[in-house]
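Q: Fold the following for me, if possible:
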Amino acid sequence: MPRIYLSFVWHMHQPFYKDLVSNEYKLPWTRLHALKDYYGMVKVLEDFPQVHQTFNLVPSMLVQLDEYARGVAVDPFLRCANKDTGSLSDEEREFILRYFFQANVQRMIYRYPRYGELYEAFLAVDENPRRGLAAFNDAAFRDLQVLSQLAWFDEDFLRNDSDVKSLVDKQRGYTAADQAMLAAKQLEKLGLVMDVYRDFSATGQIEVSATPFYHPILPLICDSQIAEIAHPYVPLPSRFRYPEDARVQLERSRDYMTEQFGKAPAGLWPSEGSVSDEALSLAAETGFKWFATDNGVLARTVNQAATPELTYRPYLWRQGTQQMHGLFRDHTLSDLIGFVYSRMGAKEAADHFLGAIRANCAPILRAGRDAVVPIILDGENAWEYFELSGRPFLRELYRQIEADKQMSAVTVSEAIEKVPAETLGHIFPASWINSNFDIWIGAEEDNQAWDYLLRARETYDRVKDQVSPEARDLAYEELLIAEGSDWNWWYGPEHSSANRVDFDRLYREHLANVYRALSLNPPEELSRPILRVEFKATHQLPRGPLRPAIDGNISSYFEWMGAGTYSIDQRSGAMHGQRFLIHELHYGSDGAWLYFRIDFAKASEEALRGAELRFQFHQTEVTVPLEPSFETGGHDGLQIQAAFGQIFEMRVAQKPIGKTHPIKFQVSVWKAGLPLDALPQQGALELQGHELNEWFG
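A: Residues are numbered from 1 along each chain as shown. Have a look, this model is predicted:
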């Protein structure tokens, strides 16, 4: 009887956060996900021995994990979490407030009532770390130090470790002894992670596959120009072509995994599912037997729609003497786990998932063929959004799989052995995202990052023989790290994070370290952010004429009804550390006057004292001091009336500025000759002439 073979591949990955020169880890996510996901995702299989799965481990992540487990990794987050509360400096306290609420609010913070209390206290000071210094006493800081770490502990640790459970039960009022005990428990639990993979791998219940060592986009390392195939005419940086680096990333990955697990990995999840014929040839030469990517890549390879009939089978890529088996993930079903099922009950989600698989496989089974269903996704980040880190969902899912007589969960190597493969003579060069490489190349920031990398790589080639072997090795290691995909994940317009600025800084530090290792001064360009200013904006165009009283007070809700409004999301984290003074801008006209209202951010009183506003209209600039009242006849008929109290309100005669053509403007806050804030941050807003004609024509 034909069968359904489910082949899960869980990809475990974090960027390389360590600065090789300072030996400090800049961000804590490898440590925190090791506590919460890397261990538990394997351990849960203990109760489901018939469920076999593949876990893809990135070597550069395992290097970091090993240092944490041995207690030699240092990161400022862990240092602040473990430090005696009474000894914390104001700078460290601000650091704690800024970063220790970086967790899923509903599933992780509010799971612990005291953590939720502290979060709401931080919201009450507008998420302003400096204001939080007065609102949080030592007891609050210590509770935050403990709970921010405890929230990342795996369900197995929370349930079965009596010491950890006692901290959960205590809820608040933690002591220095509790803090020290939790620090020791972190170290202990981190030491268990690699063992659980080795143990389950030894029994055959899991297969461990790998990714190139520092998670580079192999096709782009081989030849960045290949991005044009998936996206013709995409703007590209200067050509980066170093297939020898791609080979090193593959060889070192395979060697490291062999050392850690006693056998070489058969499988390769190429970083971000990115493939090309050249990259697969290198992987096959290195010894990898199978690869996986997305069924969108398969569709472009064979020029057919990615149906279940096309997707649910192994393939054999072959060119010349090289060959590799390949699986192509069911994009839709994999994304359901990653992005949808967290909002459903465990049984409801498992029922839907397996029901969709059975429906997709029905025509294949009726045709007498076995179906291999590749489910491949991130094995860590999704669980922050699930109840109890997704364990109820996974348990229900695995229970139903074991109970189904026509379904088996198998490793990739097992699937390849069980089902005949279809031959492919080539592979379309692309990644799993949109079947192109646009996330990592093509945008202005992306291309600048590639140009910086190329200059560092060329410099290395030019002077490497002029330095010691140790310095040469360090410079090359930093280059390999900088070739990782994670830096360009955050460049360009696609992704945002509270740590985006930190990623930019760390990337430039890795490149700067290349030059330092070569006894050269890093180029000045590496001292400046690659990131462009990015703000999330809300813009509502004017909907009718205005005639507000200019008194600096919120006299009536209806006074500014119909005004245009413009505001930015000051909590986006895209520009961490940026201070915003303007909360919202309202604007409009009555045909004779242009009206402006500015609502300032809370706690901006001190910064605004002695400041002024500058309104730029085309070639005309209007400067208004932030005083209770201001009025002038101006010149050329430019009359101004303004008032500053609860809010700032101003009207300016419209005729000298313009009536029938678009009136463009920007407002900025200046103090002591320095621009402190502006709306919009880039470009200008405009009031269209046709709108004015319709209202007053």
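Q: contacts, neighbours, all on C-alpha from now
A: Fine.
Q: tell me the phi and psi of the residue positioned nearest the centre of the chain?
A: In the chain, the centroid-proximal residue (Cα atoms, centre = their mean) is residue 497; its distance is 5.4 Å. Dihedral pair for residue 497: phi -160, psi 150, per degrees, to the nearest 10.
Q: ok, so what distance separates it from residue 504?
A: Per Cα to Cα, to the nearest Å, residue 497 is found 11 Å from residue 504.
Q: Look up the residues that both of the two are in contact with.
A: residue 490 (Cα atoms under 8 Å, 6 or more residues apart in numbering).
Q: Residue 618 - how many residues pack around it?
A: The local packing of residue 618 (other Cα atoms under 10 Å) involves 14 other residues.
Q: same check, this time on residue 467
A: As a burial measure, residue 467 scores 13 neighbours (other Cα under 10 Å).
Q: Can you get me a residue count around the residue lying closest to it once chain neighbours are set aside?
A: Of all residues not flanking residue 467 in the chain, residue 518 sits nearest, at 6.3 Å (Cα to Cα, 6 or more residues apart in numbering). The tally of other residues near residue 518 (other Cα under 10 Å) stands at 23.
Q: Next up, phi/psi of residue 518, please.
A: phi -90, psi 10.
Q: Go ahead and confirm it touches residue 471.
A: Yes - assessed by Cα atoms under 8 Å, residue 518 is found in contact with residue 471 at 6.4 Å.
Q: Please, where are all the strands along the stretch 451-600 of the chain?
A: 537-540, 564-568, 582-589, 593-600 (DSSP state E, counting those that start in this stretch).
Q: Report all helices and strands that the first one contacts.
A: Counting contacts by 3 or more Cα pairs under 8 Å, 6 or more residues apart in numbering; DSSP states H and E, strand 537-540 packs against strand 564-568.
Q: now swap in the last one and tell me
A: Contacts defined by 3+ Cα pairs under 8 Å, 6+ apart place strand 593-600 against strand 582-589, strand 648-653.
Q: The shortest one: partners in the sheet, and parallel or antiparallel?
A: Sheet pairing of strand 648-653 (DSSP bridges) gives strand 593-600 (antiparallel), strand 640-644 (antiparallel).
Q: Buried residues in stretch 170-184, which are they?
A: Neighbour-count burial for stretch 170-184, counted by 16 or more other Cα atoms under 10 Å, picks out 172, 174, 178, 179, 181, 182, 183.
Q: My error: substitute stretch 152-159 in the last question.
A: 152, 153, 154, 155, 157, 158.
Q: these two touch, right, residue 315 and residue 419?
A: No - counting by Cα under 8 Å, residue 315 does not reach residue 419; the two are 9.7 Å apart.
Q: What residues does the spatially closest residue to residue 192 that is not a sequence neighbour make contact with?
A: Excluding its sequence neighbours, the residue lying closest to residue 192 (Cα to Cα, 6+ apart) is residue 39, at 7.3 Å. Residues near residue 39 by Cα under 8 Å, 6+ apart: 154, 192, 193, 194, 196, 197.
Q: which of those lies closest to residue 406?
A: When the contacts of residue 39 are compared for distance to residue 406 (Cα to Cα), residue 197 wins out at 27.9 Å.
Q: What's the local residue count around that closest one?
A: Number of residues near residue 197 (other Cα under 10 Å) recorded here: 22.
Q: In a strand, it, correct?
A: No - remark: residue 197 does not belong to a strand; assigned using DSSP: H, G, I helix; E, B strand; the rest coil, it is helix.
Q: Not counting sequence-adjacent ones, nearest residue to residue 483?
A: Distance criterion Cα to Cα, 6+ apart; nearest residue to residue 483, sequence neighbours excluded, is residue 216 at 5.5 Å.
Q: and that neighbour, what is it in contact with?
A: For residue 216, the contacting residues are 246, 249, 271, 483, 484, 485, by Cα under 8 Å, 6+ apart.
Q: Test my guess that the first one contacts residue 215.
A: Read that as residue 246. No - the criterion here is Cα under 8 Å, and residue 246 misses it with residue 215 at 10.2 Å.
Q: quick one, phi psi at residue 288?
A: Per degrees, to the nearest 10, the backbone of residue 288 is at phi -70, psi 140.
Q: ok so residue 189 is a strand residue?
A: No - assessed with three-state DSSP, residue 189 is helix; it does not lie in a strand.
Q: pretty sure it contacts residue 35?
A: Yes - the criterion here is Cα under 8 Å, and residue 189 meets it with residue 35 at 6.6 Å.
Q: Could you check which of the two is surrounded by more residues?
A: More crowded of residue 189 and residue 35, by other Cα under 10 Å: residue 35, with 28 against 17.
Q: Next, find the distance separating residue 564 from residue 581.
A: Look at residue 564 and residue 581: by Cα to Cα, they are 19 Å apart.
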